[in-house]
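Visitor: sequence-free structure coming up:
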């Protein structure tokens with residue numbers, strides 16, 4: 001069989017190189033594992049996840065660029081779901097397996113998983129699947145985005161054979177730039193998971209944070225002026241700027257007149273399709289509406305294919 005081509009997904013925020021910035025944090029976490037293990041036996045779920053939240057925020061504080069990567073990790077862990085076959089999704093935490101990390105759209109995420117290992121070690125009562133989903137929720141809110149309801153109780157898969165085939169994540173370009181094929185590709189992928197046009201656009205708003213990295217996707221640059229702030233600026237720029245092909249880029253991407261920002265073909269598709277664009281326009285004008293719809297859609301994304309979960313109280 002031919003080796004699958006690496007796919008570039010439109011949610012590839014690539015900031016994950018491991019370095020020494022959180023070495024001290026690593027040793028601090030490891031040194032407190034025995035204490036944490038003893039305490040976790042009597043801690044309530046809210047207490048456990050509050051402690052976990054603190055450790056995730058500490059990682060983001062040690063490396064400000066890590067927040068968008070955590071959103072990407074949670075997104076990719078969840079977006080493999082197929083409602084027809086009932087396979088994929090965040091339920092088993094399979095993105096921690098090298099077999100899934102080797103998928104083309106997951107380039108760079110192995111480093112993110114490695115950086116979460118001391119956090120997992122410090123919180124043994126939290127499954128990898130719950131941890132990966134939870135870090136996305138924490139990162140979104142910590143960067144200024146909405147609070148996303150989180151439910152816990154995912155049970156880790158132990159067999160990498162359960163990993164779904166490569167190619168389930170949305171593609172930035174299906175071969176015709178922002179044309180009909182790319183738009184159909186977006187709808188096909190999201191419909192497979194059970195999302196409608198409004199939810200597709202809302203989830204695309206995660207491009208407010210992060211930037212494309214050539215090493216991960218071949219695309220380069222930020223979508224917005226502050227890639228570490230989660231707001232509706234992605235939509236404001238998408239509808240408010242004149243976008244043209246960036247002739248200096250190695251892959252088809254678009255630039256604003258000043259050359260400060262970039263958009264992918266799949267982003268431009270959202271303003272070239274009337275059914276998508278009405279939601280872009282709405283979110284550009286109303287951040288509160290965007291936050292409400294994004295929170296609902298992201299919670300849905302993270303619970304696709306799961307069962308028996310328990311809603312975490314908001315205080316955690």
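Guide: That came through fine. Everything numeric here is computed off the predicted structure, so don't read it as measured data.

Visitor: contacts and neighbour counts: CA atoms only from here.
Guide: Noted.

Visitor: can you list the buried residues in stretch 175-187?
Guide: Residues of stretch 175-187 classed as buried: 177-179, 182-183, 185-187 (neighbour count, 16 or more other CA atoms under 10 Å).

Visitor: should've said stretch 125-141
Guide: For stretch 125-141, the buried set under the neighbour-count rule, 16+ other CA under 10 Å, comprises 126-140.

Visitor: which parts of the helix or strand where residue 61 lies are buried?
Guide: Using DSSP states H and E, residue 61 falls within helix 45-62. Of the residues in helix 45-62, those scored as buried under the neighbour-count criterion (16+ other CA under 10 Å) are 45, 48-49, 51-53, 55-57, 59-60, 62.

Visitor: which elements pack onto it?
Guide: Packed against helix 45-62, as judged by 3 or more CA pairs under 8 Å, 6 or more residues apart in numbering; DSSP states H and E, are the following elements: helix 66-78, helix 109-122, helix 128-142.

Visitor: what's the closest of these to residue 255?
Guide: Shortest separation from residue 255 across these is recorded for helix 66-78, at 21.0 Å, computed as CA to CA.

Visitor: which residues sit against the closest one?
Guide: Defining contact as CA atoms under 8 Å, 6 or more residues apart in numbering, one finds that helix 66-78 is touched by 11-16, 59-60, 88-91, 93-95, 106, 109, 112, 132-137, 139-140, 143, 169, 209-210, 227-228, 301-304.

Visitor: and stretch 154-167, by the same measure?
Guide: The set of residues that contact stretch 154-167 without belonging to it, under CA under 8 Å, 6+ apart, is 4, 7, 80, 87-88, 90-95, 97, 99-100, 103-104, 127-130, 306-307, 309.

Visitor: report the buried members of those residues.
Guide: A residue is treated as buried here by neighbour count (16+ other CA under 10 Å); on that basis the buried members of these are 7, 80, 87-88, 90-95, 97, 99-100, 103-104, 127-130, 306.

Visitor: tally of neighbours for residue 248?
Guide: By the criterion of other CA atoms under 10 Å, residue 248 has 8 neighbours.

Visitor: could you identify the most distant pair in the buried residues of stretch 175-187?
Guide: The most distant members of the buried residues of stretch 175-187, if one measures by CA to CA, are 177 and 187, lying 15.0 Å apart.

Visitor: what's near enough to touch residue 295?
Guide: Remark: with contacts taken as CA under 8 Å, 6+ apart, residue 295 is in contact with 146-149.

Visitor: tell me the one of those residues nearest residue 245?
Guide: The shortest approach to residue 245 among the contacts of residue 295 belongs to residue 146, at 32.4 Å (CA to CA).

Visitor: report pLDDT for the closest residue in space to that closest one that isn't next to it in sequence.
Guide: Across the structure, with CA to CA, 6 or more residues apart in numbering as the measure, the residue nearest residue 146 apart from its sequence neighbours is residue 291 (5.5 Å). Confidence at residue 291, expressed as pLDDT, is 98.

Visitor: shouldn't residue 291 be within a helix?
Guide: Yes. Note on residue 291: a helix contains this position according to DSSP: H, G, I helix; E, B strand; the rest coil.

Visitor: what about it, how many neighbours?
Guide: For residue 291, the tally of surrounding residues (other CA under 10 Å) stands at 21.

Visitor: correct me if wrong: it contacts residue 141.
Guide: No. Under the contact definition of CA atoms under 8 Å, residue 291 does not touch residue 141, with a separation of 10.5 Å.

Visitor: point to the residue nearest the middle of this protein.
Guide: The central residue of the chain, meaning the one whose C-alpha is nearest the mean C-alpha position (CA atoms, centre = their mean), is residue 72 at 2.5 Å.

Visitor: thanks a lot, see you next time.
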